[in-house]
Structure formats: C-alpha cells, structure tokens
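>>> This is a predicted model, with the sequence first.
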2 protein chains.
Amino acid sequence: MNSTSSNPAADPAASGSPSFRPLYQQIKALITKSLQAGEWKPGEMMPSEVELAGRFKVSQGTVRKAIDELAAENLVVRRQGKGTFVASHAEERAHFRFLRLRPDEGLPHHPENRFLEVKRIRAPAEVARLLDLKAGDAVVYIKRVQSFEGKPTILEELWLPGQLFKGLSAERLVEYKGPMYGLFETEFGTRMIRATEKIRAVAADAATADYLKVPEGTPLLCGERVSFTYGDKAVELRRGMYLTEQHHYQNELS
Amino acid sequence: MNSTSSNPAADPAASGSPSFRPLYQQIKALITKSLQAGEWKPGEMMPSEVELAGRFKVSQGTVRKAIDELAAENLVVRRQGKGTFVASHAEERAHFRFLRLRPDEGLPHHPENRFLEVKRIRAPAEVARLLDLKAGDAVVYIKRVQSFEGKPTILEELWLPGQLFKGLSAERLVEYKGPMYGLFETEFGTRMIRATEKIRAVAADAATADYLKVPEGTPLLCGERVSFTYGDKAVELRRGMYLTEQHHYQNELS
DNA sequence: TAGTGGTCTAGACCACTAT
DNA sequence: TAGTGGTCTAGACCACTAA
C-alpha cells in the first residue's frame, strides 16, 4: 500500500491531513472512534484482525500494529486463540491499575466503603477548571471513607460532570459490587483510560482527622487525580487523603 | 524462519530452552547481553538493523521487533535516518525520567546540590537486604540536600554497593555536572534502568527539620527507591524526604 | 477442526539525515 | 546519493482455544 493506492485513508489529500500520517495510525484512530461510540462494549470481543483488515481494506499486519498500540494503552486486551477484547474496569485484573495504595506487607485488599455524601452541586471554580466545565455547571459530588480491616485509611472526595452521570445515587454506589470505575463504564458509558496524579504531604485538619480517627496534624498523603476518557476529555476529579501508617503509595519508574 | 531452519537460536533443543520462545525474544536477550557487556557504550550508535540481522542470521523484521521492545523499555533510543543509540542518563531528555518532584507551577529546574556526607560504611541489615548484599558488606553512603532557588527541599540518603562504586568521592560528585545517574554510568559502568518507589507521609524529625529549615513535625513526603540495572540487579537504595509546600510528586496512571 | 492471535520472512517503498 | 529507521504488504506457519 502506498500513496498511489486507491485506499482513501492512505491518501493525504483525501484524509485532509496535510502531512504524512502512517496508515496504521489512521486505522488506530478509526478503531478508537468505534470504541468511543460503543460499537463494542467493555468486556466484549471485537472483530478479528482479518475481519478488520477486510473492513478497512488494509493488510492484517497494519491492523495488527494499530491494535498493538491500543493494547499497550490498555484500551483493549489480546487473548491468544480467543480474540481481542475491549478492556473493562469490571475485570479483576484491572482493579489495581489505578489503585497505588498498598498495605506495607502482603497483597492489597478491597477496602470497605462508607459513603458520607452523594449529591449534585454547582461546580466550584477550581473544579470546573480542572474538569473543563463552566463554573456553576452541575457536578456530582461524592465523599467517602475507605477502611482496610476496619481501619479508616482513605478519605476521598470526587467530582464528576453532572451531564454524564445523571441518576448516580448513593444507593446505586452502595449496591454496586466492585470498583467505582466499573460502575461508571457499565451504567454511565464513561470509561476512564488514563489519569494524572499530584501528590504531596499535608497535616490532617480537624475534620479529616475526625473521619480517619487520628490526631489532628497527623501527616497524610494528599493526592489529586484528574482522570480522562477517550479524546483526553477530563471526566473525574478526585482528592484523596491517605493515612500511610500501615500503607504506602507504590510506584514503578521505568 | 521456522523450527526446521538451520538457525541455532531458533532451535529449542540447541538453545536449551524446553518451551517455545519467540526468536525475537532470543535476539532481544542477545542484544541486552551486549549492552550489559558494554559492547556499545551509552550514547553510542549500535549496529544497524540490517547488520544485526546479518549477525544473528534472522530477518530484519525480527531484529526490529527485538529493538522495539528495548526502545519501549528505554534501553535504547531510535532516531529515524540516524540509527539506534544506547540510552544514556547523561542526555537532557532523560533527566526527568526518574525525577518526579515538580514545582507547583512552571517547568522543573535543576536543583543546587550540597553534599553532607560521602563515605564507605558497612551495610546495615536493612540496606543489605534491599540491595541483595550480606550485612556488613561495604557500601558507599551519600547524604545530600537539594535546594530549588535557594530553598532546601530534598534531603536524600543513598546507599550503593561498594564493590561497584570504588573510588566514588565527594570531589568527584561535586565536580560532575549533570545527574548522578550520568556519573554512575559514565565513570562506574552501572546504568540504572528501572526503579520501584514507595511513598508515604511522615512528620519531620529534629535533624531533618534542621536540614530543610522547617519546623519539627512538618509533613514531608518520604520516598524509598530501589533502582535496578541489567538483569534486575538492585544497585541503589535511596531514601528521600521531600518538602511539598511548593512542589508535588507527579505521576501518570495509564 | 476451524478460528484466533503470535511469529517470521522477504521484499518494496517512504521519510529522514548526512555527505 | 547512500544509509538509517519506518511503513506496508502477502504469505507461511505456530500456539492456543473452543466446539
């Protein structure tokens, strides 16, 4: 396949792209668009490489390279002999991808959740800025405490665009088993695919100390996370206070 | 190339591997061995794909896939039209790979260094355990304070295997411009390729508070890093106390 | 046995860099 | 112009899964 081919996607003039763009990148973009549109739902198998190659009129190798990158970005999961599947936060293996807080020894446990508040409010300026909304736009506000083995360890506040999370209620959150991100993608069609996190050390204020049952002034990890869905659209702001007396934040540098 | 080929690396019996192992993985291992042996030094260009394909008696595509993975692991850097180069910590672009502490606004600056101690000691049990040494083995101990714009921000302690870092002195550290990892790879032939980090929040003790010129009890980020070289061999333990009043630890989740 | 992803090859051509 | 990495193809065969 080259630029003299009849394949429209490979023709820069037809694609409207002024500069050279590899075919497999264009295929990747098309597949991503289908993922975003929900053509194949999380957990489902997507069409085989051969089938996609036929649909896009390119070789299987080109589809392969496109899917390789999607797999590297955790958007899809390849399973030899079975097929390629849309990644899902509902799967066990995905649970710890965004959960970096680990007990000092042993394997991570699933925390017990206690929801303190779930309500719709108008976005404060700072929240609106980070979520790319207008100040005053509706957002869902969630406040919860997570405990490990009965010990309160995480105090977390979340802000979600109200537009995308209509009908999200405390009942629904409590009743859903598994990670919140699973609920978000299953019930609200919003899948988190990456996030940025800023971490600092702070002293517990009176209210936080009370929730975590520690003395005021106790040093806590403070993490601010902004999560993004397809198209680098910010869809979650999360501020967490982490008690790190028996836990630590684990990170791999490479 | 298939299992009936005359290529010894592709023959499981000849390679001594009982189970199936892709050819490109074997090639990757061979190239890694050459990197480890210093056949090509950091910053140097390594042989072209065609040349390596000839040497290993495989197709260029197979070498390509091997190098693709090495590039993904930051062991080498590809430059179109030029060649493939051995990655180096001495290069500007690598400076911030392991440096996650950022100023709250603006781009990261290079800190000013003040070395408080550089000496050879016997490894305490805990250090020996993490570096896979025997308690009492010689280690180089380094203690330093890093300041940004004159403000002390990081108090760091390092332990390095004495065996690998003979002749490392305060003078050499002070005189070397650029990141320590650059010095380590240039002068001591030890290249850090990945690390694990555990982070928690702690209160500054009297000594630390003094170094960082903050009140005792100030919340600090405490990071413990173990760095590894080729073959997943631990070669550095680093414990840092970070003042996060004007800085934060930045992380990308994906 | 059929279908899927995974590996490997050989060859053509493109984009980029240096000379 | 020559050499490098980057893209794309077509086809063969392997490993794994499920019916």
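Arrived safely, thanks for sending. All values derive from a computational prediction rather than experimental measurement.
>>> Quick one: neighbours of A:R191, just the number.
24 (other CB atoms under 10 Å in any protein chain shown). (C-beta placed from N, C-alpha, C; glycine too.)
>>> is the host helix or strand of A:S227 anywhere near chain B?
Using DSSP states H and E, A:S227 maps to strand A:219-229. Yes: Strand A:219-229 comes into contact with chain B (CB under 8 Å from any CB of the partner chain), by way of A:P219, A:L220, A:L221, A:C222, A:R225.
>>> how close does the last one sit to B:G81?
The one in question is A:R225. 40 Å (CB to CB, to the nearest Å).
>>> And the two? Which one has more around it.
A:R225 (20 against 4).
>>> roughly how far apart are that one and B:K233?
A:R225 is 33 Å from B:K233, by CB to CB.
>>> With A:K151 instead?
37 Å.
>>> again with A:V140
With CB to CB as the criterion, A:V140 and B:K233 are 48 Å apart.
>>> So for the two, which sits in the more crowded spot?
Between A:V140 and B:K233, counting by other CB under 10 Å, A:V140 is the more crowded of the two (21 against 15).
>>> Only alpha carbons, please: show the helix or strand where A:E126 lies as CSV.
Assigned by DSSP H and E, A:E126 belongs to helix A:125-131. C-alpha atoms of helix A:125-131 as CSV (Å, rounded to 0.1, in the frame of the first residue of the first chain):
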residue,chain,number,x,y,z
ALA,A,125,-14.4,27.4,40.0
GLU,A,126,-11.4,25.2,40.7
VAL,A,127,-13.3,22.0,40.0
ALA,A,128,-14.8,23.5,36.8
ARG,A,129,-11.4,24.5,35.6
LEU,A,130,-9.9,21.0,36.1
LEU,A,131,-12.9,19.3,34.5
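>>> What residues of that helix count as buried?
A:V127, A:A128, A:L131 (16 or more other CB atoms under 10 Å in any protein chain shown).
>>> Need the nearest residue in space to the first one, chain neighbours excluded.
Once flanking residues are discounted, A:V127 sits nearest to A:W159: 4.8 Å by CB to CB, 6 or more residues apart in numbering or on different chains.
>>> tell me which strands and helices the helix holding A:E126 is in contact with?
strand A:138-148, strand A:151-161, strand A:233-242 (3 or more CB pairs under 8 Å, 6 or more residues apart in numbering or on different chains; DSSP states H and E).
>>> Mind listing what's buried along the shortest one?
By neighbour count on 16+ other CB under 10 Å, the buried set for strand A:233-242 is A:A234, A:V235, A:E236, A:L237, A:R238, A:R239, A:G240, A:M241, A:Y242.
>>> What helices and strands are in contact with it?
Counting by 3+ CB pairs under 8 Å, 6+ apart, strand A:233-242 packs on helix A:125-131, strand A:151-161, strand A:219-229.
>>> tell me the pLDDT at A:R93?
Model confidence at A:R93, given as pLDDT, is 82.
>>> Could you do the one 4 residues further on as well?
Per-residue pLDDT puts A:R97 at 91.
>>> Tell me which residues touch it, please.
Listed by CB atoms under 8 Å, 6 or more residues apart in numbering or on different chains, the contact partners of A:R97 are A:N74, B:L253.
>>> Equivalent analysis for A:R120, please.
A:R120 touches A:A138, A:V139, A:V140, A:Y141, A:G162, counting by CB under 8 Å, 6+ apart.
>>> Which one (most neighbours) among the residues you listed?
Going by other CB under 10 Å, A:V139 tops those with 25 neighbours.
>>> Quick check, that residue in contact with A:P161.
Yes: using CB atoms under 8 Å, A:V139 is in contact with A:P161, at 6.2 Å.
>>> Overlap in contacts, the two.
Listed as contacting both A:V139 and A:P161 by CB under 8 Å, 6+ apart are A:L131, A:L133.
>>> so where is the stretch 101-250 of chain A shaky, pLDDT-wise?
Across the stretch 101-250 of chain A, nothing is flagged by pLDDT under 70.
>>> from it, which residue is nearest to DNA strand D?
Closest contact between the stretch 101-250 of chain A and DNA strand D, by CB to the nearest atom of the strand, is at A:D232 (20.8 Å).
>>> ok, how many other residues are close to that residue?
9.
>>> near chain B, which residues of chain A?
Counting by CB under 8 Å from any CB, chain A sits next to chain B at A:72-74, A:97-98, A:100, A:193-203, A:217, A:219-222, A:225, A:242, A:244, A:247-254.
>>> quick one: which of those sit in strands?
A:194-203, A:219-222, A:225, A:242, A:247-253 (DSSP state E).
>>> Taking those, please make a ChimeraX selection of just the buried ones.
Buried subset of those, written as a ChimeraX selection, criterion 16+ other CB under 10 Å:
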select /A:194,195,197,198,199,200,201,202,203,219,220,221,222,225,242,247,248,249,251,253
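>>> Which residues of the stretch 1-150 of chain A lie near DNA strand D?
The stretch 1-150 of chain A comes close to DNA strand D at residues A:1, A:7, A:10, A:22-25, A:58-62, A:65, A:79-82, as judged by CB under 7 Å from any atom of the strand.
>>> can you pull the contacts of the residue in the stretch 51-200 of chain A that chain B sits nearest to?
Nearest to chain B in the stretch 51-200 of chain A, going by CB to the nearest CB, is A:R200, at a distance of 3.6 Å. Applying CB under 8 Å, 6+ apart to A:R200 gives the contacts A:L221, A:C222, B:L221, B:T244, B:H247, B:H248, B:Y249.
>>> same deal with A:E73?
Here A:E73 is in contact with A:I193, A:R194, B:S254 (criterion: CB under 8 Å, 6+ apart).
>>> need these in JSON lines with distance to DNA strand D, can you?
As requested, the contacts of A:E73 are exported to JSON lines (distance: CB to the nearest atom of the strand, whole Å):
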{"residue": "A:I193", "distance to DNA strand D": "22"}
{"residue": "A:R194", "distance to DNA strand D": "21"}
{"residue": "B:S254", "distance to DNA strand D": "20"}
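>>> wait, which of those is closest to A:Y181?
A:I193 (10.1 Å; CB to CB).
>>> That closest one touches B:S254, doesn't it?
Yes: counting by CB under 8 Å, B:S254 is a contact partner of A:I193 at 7.5 Å.
>>> overlap in contacts of those two?
Listed as contacting both A:I193 and B:S254 by CB under 8 Å, 6+ apart are A:E73, A:N74.
>>> When the two are compared, which one has more neighbours?
Comparing A:I193 with B:S254 by other CB under 10 Å, the one with more neighbours is A:I193, at 22 against 12.
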